[in-house]
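Enquirer: Here's a sequence, model it:
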Amino acid sequence: MPPIIDVVDLRKRYPGAKSEAVAGVSFSVEEGEVFGLLGPNGAGKTTTIGSMTTRVKPTSGRVVVDGVDVVADPVAAKRVIAVVPQRPNLDRSLSALENLTFHGAYFGYSRRERKRRAEEMLAQFGLEGRGGDRVDNYSGGMAQRLIIARALMHDPRVLFLDEPTTGLDPQSRLFLWDQMEALKARGVTLLLTTHDMAEADRLCDRIAIVDHGKVIASDTPRGLRHVLPEAEGLELRLAAAVDPGEALSGLGTSHTSEPAGDDGEWKVRIYGSDVAPSTAIAAAEQAGARLVDFTRIEGTLEDVFVHLTGRDLR
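Expert: Numbering: from 1, shown residues only. From the prediction side, this is the model:
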């Protein structure tokens, strides 16, 4: 099966710009995946998403979504995609139900079908009984749920979500995460942008990190951790009269050791994927140390992001 999204050498240079906003981005997304597109502000991901959703005309390159060339046939592309924008764009002069039925009419649904579909979406997103309310009376979380419900009115194959949980309370965020996972289970392909690394780690099957208009890394969340020089290992908390780190220096690829308070305890980190806890504990005890606690350590997706894109503000 061909990928449902195929982006090939996508480029965009805005008039008067010294450099390309997007400088040869390529990636593909399989049907039913949740694919994350991450990057610092100004990295080029917004322009990339705009090109994929017909809002931005690329300078060159190709974007195919569900077999449709997005640039050559944007009208056909809009029938298979839907977009949840970063900024709310509901019509606040209309009720929630009217926002949904207007969207259904745009895609050619009959009056009866769009009303049925709208009521189904309201129930799915926890807004049952609130369809007659004006959007002005909705909380931020309710409005965001309505935006996603509206995007799904025409039953798209691919849903683009641009930072969908920014500013939401924990309950609303967890609800939307559950809805995204339910959409994936139904076979809908999701392309997600977010600055929440925990969100990307939990939801995404694969991730591409973009910086300076290019894809600089692409893999599963776990696979991306392997770019870290010290991605995983063990942390031992040991009680010892002297630093026990030297006794463990032959284990793993590297190690660190530091005092863990004023009570004669030490924190020793041993980096490496093949270090057995039993081996490390035995070496520590042989050196006269007593084990207090140990945990496995693993680099986070945020560690990967900062390692690849740097700490400088954008």
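
Enquirer: pLDDT weak spots in the stretch 151-300 of the chain?
Expert: Under the criterion of pLDDT under 70, the regions of the stretch 151-300 of the chain flagged as low confidence span 262.

Enquirer: at 90 what do you get?
Expert: 167, 226-234, 241-264, 268-277, 287, 296-300 (pLDDT under 90).

Enquirer: same question, the stretch 1-150 of the chain
Expert: Screening the stretch 1-150 of the chain residue by residue with the criterion pLDDT under 90, one finds the ranges 1, 86-88, 93.

Enquirer: So which residues of it form helices?
Expert: Assigned by DSSP state H, counting those that start in this stretch, the stretch 1-150 of the chain shows helices spanning 45-52, 74-80, 96-106, 111-124, 140-151.

Enquirer: tell me what the last one is packed against?
Expert: Secondary-structure packing of helix 140-151 (3 or more C-beta pairs under 8 Å, 6 or more residues apart in numbering; DSSP states H and E): strand 81-84, helix 96-106, helix 111-124, helix 170-185. Where C-beta positions appear, they are placed from N, C-alpha and C, glycine not excepted.

Enquirer: Output that helix in PDB with nothing but the alpha carbons.
Expert: Coordinates of the C-alpha atoms in helix 140-151 are reproduced here as PDB (Å, rounded to 0.1, in the frame of the first residue of the first chain):
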ATOM      1  CA  GLY A 140     -12.000  27.200  25.900                       C
ATOM      2  CA  GLY A 141     -12.100  23.400  26.200                       C
ATOM      3  CA  MET A 142     -15.600  23.100  24.900                       C
ATOM      4  CA  ALA A 143     -14.700  25.400  21.900                       C
ATOM      5  CA  GLN A 144     -11.700  23.200  21.100                       C
ATOM      6  CA  ARG A 145     -13.800  20.100  21.200                       C
ATOM      7  CA  LEU A 146     -16.300  21.700  18.900                       C
ATOM      8  CA  ILE A 147     -13.500  22.700  16.400                       C
ATOM      9  CA  ILE A 148     -12.500  19.000  16.200                       C
ATOM     10  CA  ALA A 149     -16.100  17.900  15.900                       C
ATOM     11  CA  ARG A 150     -16.500  20.400  13.000                       C
ATOM     12  CA  ALA A 151     -13.300  19.100  11.300                       C
END
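
Enquirer: from the chain's centre, how far out does that helix sit?
Expert: Here helix 140-151 is found 19 Å from its chain centre; the criterion is C-alpha atoms, centre = their mean, to the nearest Å.

Enquirer: Going toward the C-terminus from it, what's the next helix or strand?
Expert: Of the helices and strands lying after helix 140-151 in sequence (DSSP states H and E), the nearest is strand 158-162.

Enquirer: picking that back up, now the helices and strands packed on helix 140-151 in TSV, with mean neighbour count?
Expert: Converted to TSV, these look like this (neighbours: other C-beta atoms under 10 Å):
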stretch	mean neighbour count
strand 81-84	22
helix 96-106	20
helix 111-124	16
helix 170-185	15
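
Enquirer: quick one on the thing from earlier: how about the helices of the stretch 1-150 of the chain, which one is nearest residue 272?
Expert: Ranking those by proximity to residue 272 (C-beta to C-beta) places helix 45-52 first, at 33.8 Å.
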